[in-house]
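**Q** sequence? don't have it. structure:
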């Protein structure tokens, strides 16, 4: 018979080793796979993207963005030049038209794939960027077109950025502007929320802001930006508000901006009218709620709470439907009965 | 087409593209939403409801009690206890009647018939001791509890109570990334895992449904209850004075079932955070109005749809199991049967897990049906130890008295550790082949079928291994 202490120690060692090697993301195995994936092509493509986006890309900024050494950057630049994708004009990097096309193809793949993750999978928002970043290098152009078709040729990624067309065109709307540039009392629609840096984005999400939301500027000073949305009044530091892009309404809409209340705030027995479903309810879940008849204009009544406290059952169109608190929080209802 | 025309066409297209960008990201959503809204408005205008009174006061009253914080959980537990009690106590009589008929009456008749027409011993043994015996065993253990449990369950479902159970328990399941309706498929799993896997169809969210399918195995099914009860009463009940034996051994069995529920939650959480992270997840739960159950229709459909389909699948799988078992015990090479070789080969590994080679081989042979684990263990123990008793090589049996059974197990070298680990391994091992096949049918995916089949068995190895080594370590120190 094996000595039990010995057996346990060996098993523990194997487990720790296995965890060290295979634990998701931090494990040695994944790291090894990651470095193997950082082939020359991938580095070149990432460099093209960086140069396309950045106003004045430098060797240092490239090294930072790609997390490689400046020596390696030099190799990548040389490679891009020999492929005639990049020119250097007075120490400035400039993409050739082939280089621009190439960069746009990668951006198209990235944004389409993010859209796919948002609509058709259950991945959390925080996972989208990284997953798309990996896949953008692996999808062939046929894959990308098939994906675009499947998604119904979407125009924007889930963060509100335009997706380049298959023939390499991408336009940011001319009317797009920063929130702080609006006139006082002017109404607009949120078109983009910058998802980097993550901490800032998380704060915007926590404020209940989302793309497509109507917004009205109340006050803009160097100290603070005060504005109103369907979720109530918000107060942000200008540096945070700078991450919100809007498009002003061409003409003043007829309907007043109605400040609603999350459905999850209803007391049992209260009845309200549904105002909107947050865009954060997406894909299958959104379709499901609409199938159940939870639509703008529908009357909804909180009927009863479960023995566990969550979910709460609501009466909609004669049926009783239970929704979880986090779902109900994303449905906006009228503040007054 | 002239160049000018092409030019203007291109202009139009690019304007269209720019406009598409400008209407914003939620344009499609807005269109869909307004189509839905219009449809709802048209429907509302076209339908008239006589004196809108949507819910009966009776329903509301009943819901207030059944989902209240004070009464919701106690009532639910009481109702489930009644269902289980009816199933277990109600199945005893028909089970033993079926066993008497199929095993003690028809089997000797078949043997006698074979002797009169002079059937060669191997054909007789293969057909009647192997194939017939395994099938008859599965039917007599499996059929009565299923025929009671499923109709009772379906009646509760028909009445409208089960959605309320899901509603009440959803909070617990939500915390482990699962759907409240998993409470129902899990409860169904206590009757039969294959039926539990089919029952996950009520979960409409893909991720939560896969979780419910993969973890259903941790609901102790009715093929495993008898094993737990037998081993607990022989080994664990024997640790305490006679008057407490019944109580302690049933507490041990309930403890195993609770451990199963705990593992369901733990592995649900693990799955939703790792492998199933990318599957689509939605939640909605409709609470239909209560209605009087249609008793006869319910009994009929639950017998046909659930009981007989599952039983038939089990029989299909039991036939080869009986054949394999009989052949492996009767084909000998150099004086040792095939089963004997396999047992010797697996014995060191079995001992490392606090089990033994016989038990591991029995679990392999019994992949088609957990019902035959104990009779197979007994037959194989006789085969390798040469102990008295039994019906001959390859013939499953069970002994009438606990004393004799205990004596046989002791001859096989069993200790309290063997018994505890057998109970644990019976809970935490691969689902039976009927369930595995059902998982494949329901998920349509080889990958998830493999995960559902292999993950529990690896967990079972890990758990029994650690228990065995710690046990021995403590024994050494004391």
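**A** Cool, got the structure. None of these values were measured; they are calculated from a predicted model.
**Q** what does the stretch 151-300 of chain A put close to chain B?
**A** A:152, A:154-156, A:158, A:160, A:162, A:165, A:169, A:171, A:173, A:175, A:189, A:191, A:211-212, A:247, A:277, A:279, A:283-286, A:288-290, A:292-293, A:295-298 (C-beta under 8 Å from any C-beta of the partner chain). For glycine as for every other residue, the C-beta is placed from the backbone atoms N, C-alpha and C.
**Q** Just the buried ones among the residues you listed, please.
**A** Neighbour-count burial within those applies to A:154-156, A:158, A:160, A:162, A:165, A:173, A:189, A:191, A:211-212, A:247, A:277, A:279, A:283-286, A:288-290, A:292-293, A:295-296, A:298; the criterion is 16 or more other C-beta atoms under 10 Å in any protein chain shown.
**Q** Next, count neighbours for residue B:303.
**A** Under the neighbour criterion other C-beta atoms under 10 Å in any protein chain shown, residue B:303 is assigned a count of 17.
**Q** typo on my end, it should be residue B:332
**A** Residues lying near residue B:332 (other C-beta under 10 Å) number 13.
**Q** Look up how far residue B:124 lies from it.
**A** 18 Å (C-beta to C-beta, to the nearest Å).
**Q** where does the chain have low pLDDT?
**A** The chain I'm using is chain A. The model of chain A has pLDDT under 70 over residues A:1, A:24-25, A:34, A:36-38, A:254.
**Q** looking at chain B here, not the other one
**A** Across chain B, the ranges flagged by pLDDT under 70 are B:1-2, B:21-26, B:49-56, B:388-394.
**Q** can you give me the strands for it?
**A** B:285-286, B:332-333, B:336-337 (DSSP state E).
**Q** same thing with the stretch 51-200 of chain A?
**A** A:86-89, A:92-95, A:177-178, A:187-193 (DSSP state E, counting those that start in this stretch).
**Q** Pick the most buried one from those strands.
**A** Among the strands of the stretch 51-200 of chain A, the stretch with the highest mean neighbour count (mean count of other C-beta atoms under 10 Å in any protein chain shown) is strand A:187-193, at a mean of 21.
**Q** which helices and strands sit right next to that one?
**A** Here strand A:187-193 touches helix A:198-206, strand A:214-220, strand A:244-248, going by 3 or more C-beta pairs under 8 Å, 6 or more residues apart in numbering or on different chains; DSSP states H and E.
**Q** From the chain's centroid, how far away is that strand?
**A** Counting by C-alpha atoms, centre = their mean, to the nearest Å, strand A:187-193 is centred 15 Å from the centre of its parent chain.
**Q** Same question for stretch A:222-238.
**A** 21 Å.
**Q** Flag every buried residue along it.
**A** Residues of stretch A:222-238 classed as buried: A:225, A:227-231, A:234, A:236 (neighbour count, 16+ other C-beta under 10 Å).
**Q** quick one: which of these is nearest to chain B?
**A** Comparing the buried residues of stretch A:222-238 against chain B with C-beta to the nearest C-beta places residue A:230 closest, at 13.3 Å.
**Q** need the contact list for that closest one.
**A** Contact partners of residue A:230, counting by C-beta atoms under 8 Å, 6 or more residues apart in numbering or on different chains, are A:213-214, A:257-260, A:275-276, A:332.
**Q** One more pass at 6 Å, please.
**A** A:260, A:332 (C-beta atoms under 6 Å, 6 or more residues apart in numbering or on different chains).
**Q** Now the phi/psi pair for it, please.
**A** Residue A:230 adopts backbone torsions of phi -60, psi -20, taken as degrees, to the nearest 10.
**Q** Spatially central residue in chain A, please.
**A** Taking C-alpha atoms, centre = their mean, the centroid of chain A lies closest to residue A:159, which sits 4.3 Å from it.
**Q** if I look at residue A:248, how far off is chain B?
**A** 12 Å (C-beta to the nearest C-beta, to the nearest Å).
**Q** if I read this right, that residue contacts residue A:187, doesn't it?
**A** No: Residue A:248 lies out of contact with residue A:187 (C-beta atoms under 6 Å); the separation is 7.2 Å.
**Q** Residue numbers of chain B in contact with chain A?
**A** B:18, B:20-22, B:25-26, B:36-37, B:40, B:54, B:63, B:67, B:69, B:72-73, B:167-168, B:170-171, B:207, B:278-287, B:469, B:472-473 (C-beta under 6 Å from any C-beta of the partner chain).
**Q** Output the buried residues of stretch A:222-238 as a markdown table; include the columns secondary structure.
**A** Shown next, in a markdown table, are the buried residues of stretch A:222-238 (DSSP: H, G, I helix; E, B strand; the rest coil):
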| residue | secondary structure |
| --- | --- |
| A:225 | strand |
| A:227 | strand |
| A:228 | strand |
| A:229 | strand |
| A:230 | coil |
| A:231 | coil |
| A:234 | strand |
| A:236 | strand |
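**Q** farthest pair in these?
**A** Every pair in the buried residues of stretch A:222-238 was compared (C-beta to C-beta); the two farthest apart turn out to be A:225 and A:230, at 17.5 Å.
**Q** nearest residue to the most centrally placed residue in chain B other than its sequence neighbours?
**A** Centroid-nearest residue in chain B, with C-alpha atoms, centre = their mean: residue B:193, separated by 2.0 Å. Nearest residue to residue B:193, sequence neighbours excluded (C-beta to C-beta, 6 or more residues apart in numbering or on different chains): residue B:435, at 4.3 Å.
**Q** what's the spacing between the one you found and chain A?
**A** For residue B:435 relative to chain A (C-beta to the nearest C-beta), the value is 25 Å.
**Q** sorry, back to before: go through the helices and strands packed on strand A:187-193 and pick out the most buried.
**A** Of the helices and strands packed on strand A:187-193, strand A:244-248 is the most buried (mean count of other C-beta under 10 Å), at a mean of 21.
**Q** ok, how many other residues are close to whichever residue of the stretch 101-250 of chain B sits closest to chain A?
**A** Minimum separation of the stretch 101-250 of chain B from chain A (C-beta to the nearest C-beta) falls at residue B:171, amounting to 3.1 Å. Neighbourhood size, residue B:171 [other C-beta under 10 Å]: 17.
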